[in-house]
Each structure stands twice: as C-alpha cells, then as structure tokens.
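K.L.:
I would like to see how this sequence folds:
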Amino acid sequence: QVQLVESGGGLVQAGGSLRLSCAASGHTFSNLAMGWFRQAPGKEREFVAVITGSRGRTYNADSVKGRFTISRDNAKNTVYLQMNSLKPEDTAVYYCAAAGRWTLLREDYDYWGQGTQVTVSS
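P.N.:
Residues are numbered from 1 along each chain as shown. Sure, this is the predicted structure:
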C-alpha cells in the first residue's frame with residue numbers, strides 16, 4: 001500500500017507560480033513511476049506529467065509543456081510539480097498518483113493522493 005499526500009496548492013494570479021509537493025510512504029519510492037493529474041469542475045481527470053522511478057525520465061501534457069516541470073527527490077520520497085506562467089485554465093484539483101511502470105493512462109495508476117486545489121485568477 002502506498003500513501004500519497006499532496007501540498008502546495010492555493011490561489012495565485014495569472015502569470016504566477018506554484019510548486020506542488022507529494023510525499024509518499026509505504027513502498028520503495030524509487031521503484032514507482034509518479035504522475036500528476038488534474039480535474040477541473042465538470043471535466044474528467046486529465047494527465048499532466050509523469051516521471052520514472054530511478055532515471056527521472058519525464059513527459060508533460062502538451063497543455064503544460066514549457067510551463068510545468070515534474071521532478072522527484074528519492075531521498076525524500078517526494079515528487080514535485082513546479083508550475084510557472086499559470087493561466088486561469090490551469091484551475092483544478094491536482095492529484096499525484098503512483099504506478100508500477102511508466103504510463104500516461106489514468107487507469108494504470110494504483111494509488112492516488114487526496115488532491116490539492118489550485119486556483120488561478122485572471
């Protein structure tokens with residue numbers, strides 16, 4: 001069992017930055033691929049970014065490329081999402097998730113955090 005706890009959400013003006021953190025416990029963290037997803041009101045949960053366990057290979061959704069950066073610190077069992085140049089359309093609940101392999105598919109992730117709200121004002 002893996003427990004995930006997100007933090008770092010909040011209210012920010014358009015063009016601003018936030019850094020989300022997700023602390024993991026209950027599993028060998030470096031063996032897990034970690035992803036970030038988001039869900040806006042009335043919309044499905046969508047993929048944002050993923051990072052592999054040991055080599056740190058990353059991939060971002062087109063909607064956040066050049067603005068968001070996923071990273072991890074295996075010594076701290078933590079994954080981060082640095083969000084720059086935020087837009088109102090980035091407003092959503094952001095979730096971190098853990099999977100046993102590299103994947104972009106929501107259904108492949110076995111463990112989820114409780115989510116953290118990000119609100120970007122125009």
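
K.L.:
next, residue 108: phi, psi?
P.N.:
Note on residue 108: backbone dihedrals following degrees, to the nearest 10 are phi -90, psi -10.

K.L.:
quick check: closest non-adjacent residue to it.
P.N.:
Closest residue to residue 108 apart from its sequence neighbours, by CB to CB, 6 or more residues apart in numbering: residue 99 at 5.4 Å. Every C-beta, even on glycine, is put in place using the N, C-alpha and C of the backbone.

K.L.:
what backbone torsions are found at that neighbour?
P.N.:
Backbone torsions of residue 99, given as degrees, to the nearest 10, read phi -140, psi 160.

K.L.:
likewise for residue 16?
P.N.:
Taking degrees, to the nearest 10 as the convention, residue 16 sits at phi -80, psi -170.

K.L.:
thought residue 120 was touching it, still the case?
P.N.:
Yes - using CB atoms under 8 Å, residue 16 is in contact with residue 120, at 7.5 Å.

K.L.:
return the per-residue confidence for residue 77.
P.N.:
pLDDT recorded at residue 77 is 96.

K.L.:
same deal with residue 54?
P.N.:
The model's pLDDT for residue 54 equals 80.

K.L.:
anything in contact with each of residue 16 and residue 120?
P.N.:
residue 86 (CB atoms under 8 Å, 6 or more residues apart in numbering).

K.L.:
more crowded one of the two?
P.N.:
Ranked by neighbour count (other CB atoms under 10 Å), residue 16 and residue 120 place residue 120 first, with 20 against 14.

K.L.:
against residue 45, how distant is the residue nearest the centre of the chain?
P.N.:
The chain has residue 36 as the residue nearest its centroid, 2.4 Å off, counting by CA atoms, centre = their mean. To residue 45, residue 36 is 11 Å away according to CB to CB, to the nearest Å.

K.L.:
so the residue nearest to the centre of the chain sits in a helix?
P.N.:
No - counting by DSSP: H, G, I helix; E, B strand; the rest coil, residue 36 is not part of a helix but strand.

K.L.:
quick check: closest non-adjacent residue to it.
P.N.:
Nearest residue to residue 36, sequence neighbours excluded (CB to CB, 6+ apart): residue 48, at 4.3 Å.

K.L.:
noted, bye for now.
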